[in-house]
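K.L.:
Just the structure for this:
(one chain, ligands or ions: 1)
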Amino acid sequence: MVAKALVFDVDDTLYDLAGPYRVAYAEVFGSRYDLPVEELFKVSRVHSDEALELLTAGKISEEDHKVLRVQWTLADWGVHVSREEALVFQEAYARAQRHIALYPEAVEMLDACASASVPLGIISNGDAAHQFGKMRLLGLERWFARSHMVASGELGAHKPATAPFMAMERLLGASGAGIWYVGDTYETDVVGAKRVGWSSLWLDIRGREVPSVPESPDVVVHSPREMCDAVKSLLRPCA
Ligand SMILES: [Mg+2]
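P.N.:
Have a look, this model is predicted:
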């Protein structure tokens, strides 16, 4: 199958989101608690999505969202974090995020997409200013037109809602299974893409649990290397 267009998630798909988390954890909590930071990170992603839902529903503030996801995560290990400590962690996390870089395999993959002249897009969940800041930092304008970068925050609807995917269809002037969505979060990326009839490539680096939902990915890969190779295979007609 040849992809008509390729659309990518950003966080944890094109770069390692856990890197800045590890740095912030070592800086703020590392000397006090001996917690499994990779597990902590995984759980923090779930709590972050839960808090994002409350934020979207207008039930909590931006600052509450940042505080709660830290508090809920450490509470799972029986550690109580004050509002002030959570904000100190958030600050350290934001600082570390200013030093993120694309996976080398993601660079190779996007270069191959550009050489094949396949239309490209980005759909990223989160606050628009924050997500666009990261996209700039990662140098994604090299491969993606600014008009083809969608942050859910600017639509007020987050993946797996259909709105961000349908906005991308309008930008691409295309729809259907010829559009491939590449992302790491099953609940938002696989489910969202399949609901609008796209094909789904799931990057499962962290060995996540598969939720019991009717939607399933068309291709599953387990590393940036495998993702790069799988995407390249979508750029060529099958032999
Ligand atoms: Mg992601």
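K.L.:
Let me see the mean pLDDT of stretch 45-61.
P.N.:
Mean pLDDT, computed over stretch 45-61, is 92.
K.L.:
in that stretch, what's buried?
P.N.:
Neighbour-count burial for stretch 45-61 flags 45-49, 51-52, 55-56, 60 (criterion: 16 or more other CB atoms under 10 Å). Placement of C-beta: from N, CA and C, glycine included.
K.L.:
Is any residue of that stretch near the ion?
P.N.:
No. Stretch 45-61 lies apart from the ion when judged by CB under 5 Å from the ion; the minimum separation is 8.2 Å.
K.L.:
What lies in contact with that stretch?
P.N.:
Stretch 45-61 has contacts (CB atoms under 8 Å, 6 or more residues apart in numbering) with 12, 17, 62, 64-65, 68-69, 72-73, 125-126, 156, 158, 185, 187-188.
K.L.:
hmm, back to that, which of the buried residues of stretch 45-61 sits closest to the ion?
P.N.:
Distance to the ion across the buried residues of stretch 45-61 (CB to the ion) is lowest for R45, with 8.2 Å.
K.L.:
Which helix or which strand is home to the closest one?
P.N.:
helix 37-56 (DSSP states H and E).
K.L.:
Tell me how far that helix lies from the chain's centre.
P.N.:
Remark: helix 37-56 is offset 12 Å from the chain centroid, using CA atoms, centre = their mean, to the nearest Å.
K.L.:
got it, and stretch 5-20?
P.N.:
5 Å.
K.L.:
and the next element down the chain from the helix holding R45?
P.N.:
Sequence order places helix 62-75 as the next helix or strand after helix 37-56, per DSSP H and E.
K.L.:
quick one: that following helix to helix 37-56, angle?
P.N.:
Counting by axes from the mean of the first three to the mean of the last three CA atoms, to 10 degrees, helix 62-75 lies at 150 degrees to helix 37-56.
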